[in-house]
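Visitor: Would you be able to build a 3D model of this:
(one chain, ligands or ions: 1)
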Amino acid sequence: MEASLYERLGGTEGITQIASDLVDNHLVNPRIATRFAESDVDTLKNAAATFFITGTGGPEVYEGRDMVAAHKGMNIDAAEFVAVLDDALKALSKNNVGQREQEEVLFILYSMKGDIVFG
Ligand code: HEM
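Guide: I've put the predicted structure just below:
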């Protein structure tokens with residue numbers, strides 16, 4: 001059987017590094033950085049890592065809210081959503097994730113657009 005996406009992203013260790021880089025990218029991305037001005041960085045990195053670990057076939061460690069509840073009322077627009085995808089791809093490339101795995105992650109993230117961007 002083929003390895004899960006979780007395994008192909010380097011398991012918990014690999015995904016924790018990718019998620020950390022993703023959040024670091026958000027904090028310097030001029031399109032979205034202000035969204036995270038009040039955030040606790042370690043908490044956010046932990047939420048991103050556990051969300052990815054659970055969502056890619058790893059252990060059930062995510063304890064945060066679902067995507068609708070987490071983003072409700074924020075008025076996130078499509079350009080901000082693309083900015084998050086850009087940051088994700090940058091983090092994946094930096095961690096030498098293969099093209100195919102990058103495409104799989106992008107597809108999964110894109111499929112959540114309707115829960116995060118309204119209007
Ligand atoms: C597919 C895309 C996205 C995913 C998978 C995602 C995932 C998450 C997760 C897992 C959390 C933590 C929820 C919790 O702990 O209860 C979160 C919170 C948050 N997200 Fe997203 N998100 C996405 C897109 C966006 C976009 C486009 C924005 C706006 C630029 C955004 C802004 C935020 C903010 C401001 C928080 C709260 C941070 C805090 O409480 O400190 N997210 N997101």
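Visitor: any chance you could map the strands in this structure?
Guide: Here the chain has no strands by DSSP state E.
Visitor: How about the residues of it by the ligand?
Guide: Selection of the chain residues close to the ligand by C-beta under 6 Å from any ligand atom yields 32, 35-36, 39, 44, 47-48, 51, 64-65, 70-71, 76, 80-81, 84, 109, 112, 116. For the C-beta atoms, the positions are set from N, CA and C on the backbone; glycine is no exception.
Visitor: What's the per-residue pLDDT of the closest residue in space to K90 that isn't next to it in sequence here?
Guide: Computed as C-beta to C-beta, 6 or more residues apart in numbering, the closest residue to K90 that is not its neighbour in sequence is N25, at 5.4 Å. pLDDT recorded at N25 is 98.
Visitor: Ok, the one 5 residues further on next?
Guide: The confidence metric pLDDT takes the value 98 at P30.
Visitor: And the spatially most central residue of the chain, what's its pLDDT?
Guide: Centroid check for the chain by C-alpha atoms, centre = their mean gives A48 as the closest residue, at 5.6 Å. Note for A48: predicted pLDDT of 98.
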